[in-house]
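Novice: Only the shape, not the letters, is given here:
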């Protein structure tokens, strides 16, 4: 079995051996720039770990792993334009460093390159299944992004709608990556589907944890500014859970805070106090655990030995065990 | 054999039977809007005609035909943003009617839907070949768009570079559509390749004709304003051919005109007079005919009876026989 550093070495090696074409430079240079900004390569690593459940040779799955990473970076490039985000990982976003036209066109070609990698498998049945899964999930990611945009201008988003949005926008891609890993390794369809749900449910759990950490994370460990979501009035799991939990007559207190600007003194503490009063962090942690448990139930069902599952279980476990 | 109206009826019928999903409405409504703006459905018709060279049943090729039309509309949606175009076919462009975010995201999902249609073939070998051809051509279309953008800010574009740009940006998609039609109908790879080159070369010829008509077309027949390219200082085949043909010392006369605004009195007549002086329309027509002849040489090589080729020969012949 390969550990995470070994998988990342494989992924980096494959990427280095498969650069973008050189010309036209203006089209492909931003693609290379985007990938060079870094990132944890979580999705390709999960794809390879899923493949390794079923097969000792995972190198053949590398084109699919890289396709998923390209897709992820395509979504980031286009999302950054839609969000008018100036920075990504501390560096200028593509549309900031170049311009919107470049951000659109280089993103488009990255998505198309992702598909090209999927056609590099010698077995046409594998290509077909990969393109099907990839396209289904890619469609859902676009749908999730649209719901996320819609929610910004709505004041009546219910918690189940939010869960569905994060499921589409981010969780299904984790599930899709694992399903594709299973397909690459010749797993049966039932096992591929269990892995899809494992990744999907773990992804929802991970997003809820993300919302929790943004408000309650340890500033020393959390990469971003703790309380950022509150300052930006984001409708996170915590906000929606609070609005769902609070007596209707009290909601206006939270709603009023969420209409103030980011400079309002005491904003983070005040909103956090409301969350605390209604035990929102505990409720969120419980919901996160519920999805996590559902995810692992899916992994149980995959028809391979426990020994083969250790690495994947540990990887997802580590991702989901960041408490504060 | 089906005539063009019969093919268009098939294409419209397939489109009507395969609408976009209803939700999220904000994502898919612009896709429907874009397709409802019209268009000649040239690419899907060519794909079906290519399929009909080899097979009497062409309905099975409809998903690929529709995929190519979706791809074409995806490029239009994103190109309209890049060109800041307010109108398309006399109606507001998607990013004008909605906004840039919508134009990007709805375009993205249209491209992904195109791939989904390609996976609907029951034979995985066909799916694989279709996705390969489609992705290769789609990459080239992005490259062509990038070169087109690059050329706007360059003053030293040579004619062969221009030919290569129009080949990538528009011609390869016509070729790719025909190659995909051949793949759908189970043609052998050599015939599929001949059809690709037939469409590609005809596409270049068609683009040169387009440039000619923009300046020399009959205003009563030409859909757009005759002389529009000259008014906008576009580096068309005519301009680049003139710069190539004129003695170096005379070029500044044309170059000066091409730096003036669209309101400059007498601009179209003056530039046209320069073209006439150097016999540019005749040279362009000869070049158009050369590519046209090369195209038909490729069609000759396709290993089916002359009788089966009549419809395709006539269709491309009609497209390329608009003189003025």
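Specialist: Yes, it's here. Predicted model only: the values in this text are computed from it and were never measured.

Novice: Close to chain B: what parts of chain A are there?
Specialist: Within chain A, the residues that sit near chain B (C-beta under 8 Å from any C-beta of the partner chain) are A:23-24, A:26-27, A:78, A:81-82, A:100-101, A:104-105, A:107-109, A:111-113, A:115-116, A:118-119, A:124-125, A:127-128, A:131-132, A:135-136, A:138-139, A:142-143, A:145-147, A:149-150. The C-beta positions use only the backbone N, C-alpha and C, and glycine is treated the same way.

Novice: if we go to 6 Å?
Specialist: Proximity of chain A to chain B is confined to A:24, A:26-27, A:78, A:82, A:101, A:104-105, A:108-109, A:112, A:115-116, A:119, A:124-125, A:127-128, A:131-132, A:135, A:138-139, A:142-143, A:146-147 under the rule C-beta under 6 Å from any C-beta of the partner chain.

Novice: Which among the residues you listed count as buried?
Specialist: The neighbour-count test (16 or more other C-beta atoms under 10 Å in any protein chain shown) marks A:24, A:26-27, A:78, A:82, A:101, A:104-105, A:108-109, A:112, A:115-116, A:119, A:124, A:127-128, A:131-132, A:135, A:138-139, A:142-143, A:146-147 as buried among those.

Novice: Report pLDDT for the most far-flung residue of chain A relative to its centre.
Specialist: If you look at how far each residue of chain A sits from its centre, by C-alpha atoms, centre = their mean, the farthest one is residue A:249, at 35.8 Å. The per-residue pLDDT reported for residue A:249 equals 94.

Novice: Could you do residue A:223 as well?
Specialist: With respect to pLDDT, residue A:223 scores 71.

Novice: quick check, it in a strand?
Specialist: No - under DSSP: H, G, I helix; E, B strand; the rest coil, residue A:223 falls outside any strand and is assigned coil.

Novice: measure it to chain B for me?
Specialist: Separation of residue A:223 from chain B (C-beta to the nearest C-beta, to the nearest Å): 26 Å.

Novice: go on, residue A:238?
Specialist: 24 Å.

Novice: Identify each of the strands in the stretch 51-200 of chain A and give its residue range.
Specialist: Per DSSP state E, counting those that start in this stretch, the stretch 51-200 of chain A carries strands over the ranges A:87-88, A:91-92.

Novice: Now do the SS call for whichever residue of the stretch 201-324 of chain A sits closest to chain B.
Specialist: Residue nearest to chain B within the stretch 201-324 of chain A: residue A:235 (16.4 Å; C-beta to the nearest C-beta). Three-state call for residue A:235 (three-state DSSP): coil.

Novice: for residue A:289, same thing?
Specialist: Of the three states, residue A:289 takes helix under three-state DSSP.

Novice: From residue A:220, how far off is it?
Specialist: Residue A:289 is 24 Å from residue A:220, where distance means C-beta to C-beta, to the nearest Å.

Novice: before we move on, what about residue A:267?
Specialist: As for residue A:267, its distance to residue A:220 is 22 Å (criterion: C-beta to C-beta).

Novice: and residue A:193, how many neighbours?
Specialist: Look at residue A:193: counted by other C-beta atoms under 10 Å in any protein chain shown, it has 17 neighbours.

Novice: which residue packs closest to it, ignoring adjacent ones?
Specialist: The spatially closest residue to residue A:193, leaving aside those adjacent along the chain, is residue A:179, at 7.1 Å (C-beta to C-beta, 6 or more residues apart in numbering or on different chains).
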